[in-house]
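could you work out the structure for the sequence below:
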Amino acid sequence: MTLIAVGLFDMSGATLATTYPSIVLGMVLLGVGAGLTIPAATGSVMGSVPGAHVGIGSATNGTLLQLGGAFGVAVIGSLTSTRYEHHLAAALTADHVPLAVTHAASGSLAAAIAVGGRLGGAAGQLALPSRVADAPQPGASAT
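So this is what the prediction gives:
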């Protein structure tokens, strides 16, 4: 579990400018930690189930792993999206960008880029793209 925590901490500082080699260590630590933790947890669950109910124990364990993964991704995605919207809206409001534009740009990164292209002028060419780059990106990948 410590390896997972250290791996996640290492990757927590990633931005859009982060390169793949700079997060590889965190990914490796995360993978090794999960690789050591999940089989041990599964063995513990299966060891506590009577022999006649091994199939039920295995199915329950697999189902809970799948549900945990799905809900984990949903919760993290929702939190990241909310954080993106909040940071971008605050930054664009400070730049005096119209409320309709702020609302449209806060929906997604693609919408922000499309709105910035249509705005023109300083807001479209400078303010909006730089504010989008500064906001935490939901589902961002290092490029």
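
okay, CA-based contacts and neighbour counts for the rest of this
Noted.

what distance do you get for the residue lying farthest from the centre of the chain to Ser58?
Centroid-distance maximum for the chain: Ala52 at 40.7 Å, with Cα atoms, centre = their mean. Using Cα to Cα, to the nearest Å, Ala52 is found at 12 Å from Ser58.

next one: Met46
7 Å.

phi, psi of Val97?
Torsion angles at Val97 (phi, psi; degrees, to the nearest 10) stand at phi -80, psi 140.

likewise for Val49?
Residue torsions, per degrees, to the nearest 10, at Val49 are phi -100, psi 130.

so which helix or strand takes in the nearest residue to it once chain neighbours are set aside?
In space, and not counting its chain neighbours, Val49 is closest to Gly57: 6.3 Å by Cα to Cα, 6 or more residues apart in numbering. For Gly57, the host element (DSSP states H and E) is helix 54-94.

buried ones in the very next helix or strand once past that helix?
Next helix or strand after helix 54-94 toward the C-terminus (DSSP H and E): helix 99-106. For helix 99-106, the neighbour count (16 or more other Cα atoms under 10 Å) marks Val101, Thr102, His103, Ala105, Ser106 as buried.

can you list the domain ranges for this protein.
Domain assignment for the chain by automatic domain parsing gives 1-48, 56-138.

OK, contacts around the closest residue to Glu85 other than its chain neighbours?
Ranked by Cα to Cα, 6+ apart and with sequence neighbours excluded, the top spatial neighbour of Glu85 is Ser106, at 4.9 Å. Taking Cα atoms under 8 Å, 6 or more residues apart in numbering, we find Ser106 in contact with Tyr84, Glu85, His86, Leu88, Ala89, Ala112.

now the buried members of those.
Buried members of those, scored by 16+ other Cα under 10 Å, are Tyr84, Glu85, Leu88, Ala89, Ala112.

could I get those in TSV, plus columns for distance to Val75 and pLDDT?
Output for the buried ones among the contacts of Ser106, formatted as TSV (distance: Cα to Cα, whole Å; pLDDT from 0 to 100):
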residue	distance to Val75	pLDDT
Tyr84	14	80
Glu85	15	82
Leu88	20	79
Ala89	21	80
Ala112	23	75
